[in-house]
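Participant: got a predicted model here, sequence first, then my questions.
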Amino acid sequence: MIRILAIETSCDETAAAVVEDGRRILSNVVASQVDLHAEYGGVFPEIASRAHIEAIVPVIDQAMKEAHMGYDDLDAVAVTYGPGLAGSLLVGVNAAKGIALGRDLPLVGVNHLEAHIYAHWLDVAGDDAATPPLTSPPQAGGTGGGQKLEFPLLALLVSGGHTELILMRGHGDYEYLGGTLDDAAGEAFDKVGRLLELPYPGGPAIQEAAQGGNPTAVDFPRAWLEDSYDFSFSGLKTAVLREVQKYSTLPQGRPLADIAASFQAAVVDVLSQKTAQAAEEFGATAVLLSGGVSANTALRETTTERIRERAGVPVYYPPLYLCTDNAAMIGACAHRHFVAGERTGWDLDVVPGLRLV
Ligand code: KG4
Ligand code: ZN
C-alpha cells in the first residue's frame with residue numbers, strides 16, 4: 001500500500017489529504033477562505049497567502065489525525081506547484097518540502113490541472129462500487145475509482161482559471177484540443193456574479209439564482225468559433241452587462257432568475273456542444289468533466305444529454321467535494337507519478353503559469 005500526504009494551496013483553499021493507492025481517501029481536509037475574499041468579490045492574493053500561512057499547519061495536522069496516520073506511515077509528500085497564485089503556491093510547496101526533508105520522505109510535485117482530471121480515479125465516499133452516473137442524480141456521480149476507464153478519454157477542464165478540452169490517450173499522455181481565448185468559464189461565472197451583485201464565488205450563486213428562471217428569456221450570444229475547439233466568454237459577459245443596464249435598478253426576482261438562467265445556458269450550450277463534437281471526432285470512450293465548474297448541474301445534465309445523442313459514451317463528474325479544489329485529487333495524481341518512479345528535487349519552485357500541455 002502506498003500512502004501519500006497531499007497538500008494543495010494554489011488559490012483560496014488550504015487543503016491536505018491522505019490518499020492510499022491513489023484511490024482511497026483516508027482524509028480530505030479543506031479550509032476555505034471564501035468568507036475572507038467575499039468582500040472583494042474575488043480572490044485577493046495577499047490575503048490568500050497570509051491565510052494559507054495561518055491554516056496550513058492545522059489543516060495538515062487534521063488530515064493526518066483523521067487518517068489515523070503518523071508520518072512514519074507515509075510513503076511520500078505531494079504538493080501542487082502550479083498553476084495558481086505564486087504567494088499561495090509557495091506556502092504549500094514550502095510546507096511539503098519541510099515535512100519531506102524532516103521525515104526523509106520523497107517529494108512529488110503535482111500539476112493542479114492534471115490533478116483535477118485525476119479526481120476521477122478516486123473512490124467516491126461511501127460508494128466503492130462504481131456507479132454509472134449517466135442516470136444517477138448529479139451529486140452521486142463519479143467513476144468510483146476510475147476502475148472502468150479506458151483510453152482515449154476526453155476531459156473538459158473547467159475551473160476559475162482554465163477552460164480546456166484535453167484528449168487523454170494514456171496516463172500522462174495529453175493532447176490539447178482547444179481552450180479559452182479570453183475568460184475561463186469559472187471566471188465568466190464569477191464576473192457575471194459580480195455584475196448581478198451575487199455573493200462570491202459567482203458559480204454556485206448563479207446556479208442558485210437561475211433556479212426557476214427561463215433559460216431562453218434572454219438570447220445571449222454564443223461564441224462558436226467554428227472549426228475549432230476554442231472558447232470565448234468575454235463577449236457574453238459584456239452582453240450580460242448590457243442586459244443589466246436596461247434596468248434602472250439591479251434586476252431582482254423574475255428578471256434576475258431569467259438573466260442568470262440565460263447566461264448559464266449560454267455557457268453550458270457552447271461547452272457541452274464542443275465537448276460532444278470532440279468526443280465523437282476523437283472516439284473518446286468517456287468524457288470526464290473536471291474542475292470547479294463541473295459542479296454545475298446544468299453543465300452536467302446538458303453534456304450528458306448531448307453526448308448521449310452524439311457519441312453515446314458515459315459522462316463522468318466527480319461528487320461536488322472533489323470538483324472544487326481539494327488535496328485528495330493531488331494525492332490521486334501524485335500516486336501515478338510516484339509508481340512511475342518519478343521524484344521531485346528539493347529545488348522544486350512554484351510555476352504560477354504552469355500548463356498541462
Ligand atoms: O477548480 P476550482 O475550485 O478552482 C480553480 O482551480 O480555479 O474552480 C473554481 C471555479 C469558480 O470560478 C467557481 O465560480 C466555479 O468554479 N464553480 C461553479 C460552480 N461551483 C464552482 N461554476 C458554476 N456552477 C457551479 N455550481
Ligand atoms: Zn482548481
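Facilitator: Received the coordinates, thanks. Ligands and ions are numbered 1, 2, ... in the order given.

Participant: contacting residues around the residue in the stretch 251-357 of the chain that ligand 1 sits nearest to?
Facilitator: Nearest residue of the stretch 251-357 of the chain to ligand 1, counting by Cβ to the nearest ligand atom: Gly292, 2.0 Å away. For the C-beta atoms, the positions are set from N, CA and C on the backbone; glycine is no exception. Going by Cβ atoms under 8 Å, 6 or more residues apart in numbering, Gly292 touches 158-160, 186, 201, 203, 323-325.

Participant: let's go with 10 Å and repeat that
Facilitator: 11, 116, 158-162, 184-186, 189-190, 201, 203-204, 320, 323-325 (Cβ atoms under 10 Å, 6 or more residues apart in numbering).

Participant: relative to ligand 1, how far out is the residue lying farthest from the centre of the chain?
Facilitator: Here the chain reaches farthest from its C-alpha mean at Ser248, the gap being 36.4 Å by Cα atoms, centre = their mean. Distance from Ser248 to ligand 1, counting by Cβ to the nearest ligand atom, to the nearest Å: 28 Å.

Participant: now swap in His162 and tell me
Facilitator: Taking Cβ to the nearest ligand atom, one finds His162 at 7 Å from ligand 1.

Participant: again with Glu226
Facilitator: Glu226 is 26 Å from ligand 1, by Cβ to the nearest ligand atom.

Participant: tell me the secondary structure at Gly312.
Facilitator: Three-state assignment for Gly312 (DSSP: H, G, I helix; E, B strand; the rest coil): coil.

Participant: got the contact list for it?
Facilitator: Neighbours of Gly312 in contact, by Cβ under 10 Å, 6+ apart: 279-280.

Participant: pull the distance from stretch 338-355 to the chain's centre.
Facilitator: Offset of stretch 338-355 from its chain centre (Cα atoms, centre = their mean, to the nearest Å): 20 Å.

Participant: alpha carbons of it, in PDB - could you do that?
Facilitator: This file holds the C-alpha atoms of stretch 338-355, laid out as PDB (Å, rounded to 0.1, in the frame of the first residue of the first chain):
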ATOM      1  CA  PHE A 338       5.100   8.000  -7.700                       C
ATOM      2  CA  VAL A 339       4.500   4.500  -9.000                       C
ATOM      3  CA  ALA A 340       6.200   5.500 -12.300                       C
ATOM      4  CA  GLY A 341       9.300   6.200 -10.200                       C
ATOM      5  CA  GLU A 342       9.100  10.000 -10.500                       C
ATOM      6  CA  ARG A 343      10.600  12.000  -7.700                       C
ATOM      7  CA  THR A 344      10.800  15.800  -7.400                       C
ATOM      8  CA  GLY A 345      14.100  17.500  -6.400                       C
ATOM      9  CA  TRP A 346      14.500  19.900  -3.400                       C
ATOM     10  CA  ASP A 347      14.800  22.700  -5.900                       C
ATOM     11  CA  LEU A 348      11.100  22.500  -6.700                       C
ATOM     12  CA  ASP A 349       9.800  26.000  -7.300                       C
ATOM     13  CA  VAL A 350       6.300  27.300  -7.900                       C
ATOM     14  CA  VAL A 351       5.200  27.800 -11.500                       C
ATOM     15  CA  PRO A 352       2.200  30.100 -11.500                       C
ATOM     16  CA  GLY A 353       1.600  29.800 -15.200                       C
ATOM     17  CA  LEU A 354       2.100  26.000 -15.400                       C
ATOM     18  CA  ARG A 355       0.200  24.300 -18.300                       C
END
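
Participant: and the average pLDDT for it is what?
Facilitator: The predicted model assigns stretch 338-355 a mean pLDDT of 98.

Participant: for the stretch 51-200 of the chain, what spans make up the strands?
Facilitator: 76-82, 107-111, 153-158, 163-170, 173-179 (DSSP state E, counting those that start in this stretch).

Participant: got JSON lines for those strands, with mean pLDDT and mean neighbour count too?
Facilitator: Below are these laid out as JSON lines (pLDDT from 0 to 100; neighbours: other Cβ atoms under 10 Å):
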{"stretch": "strand 76-82", "mean pLDDT": "99", "mean neighbour count": "27"}
{"stretch": "strand 107-111", "mean pLDDT": "98", "mean neighbour count": "25"}
{"stretch": "strand 153-158", "mean pLDDT": "98", "mean neighbour count": "26"}
{"stretch": "strand 163-170", "mean pLDDT": "98", "mean neighbour count": "21"}
{"stretch": "strand 173-179", "mean pLDDT": "98", "mean neighbour count": "16"}
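
Participant: quick one: the residue farthest from the centre of the chain is in a helix?
Facilitator: No: going by three-state DSSP, the assignment for Ser248 is coil, not a helix.

Participant: torsion angles phi and psi at it?
Facilitator: phi -80, psi -30 (degrees, to the nearest 10).

Participant: what do you get for Ser10?
Facilitator: Torsion angles, degrees, to the nearest 10, at Ser10: phi -70, psi -30.
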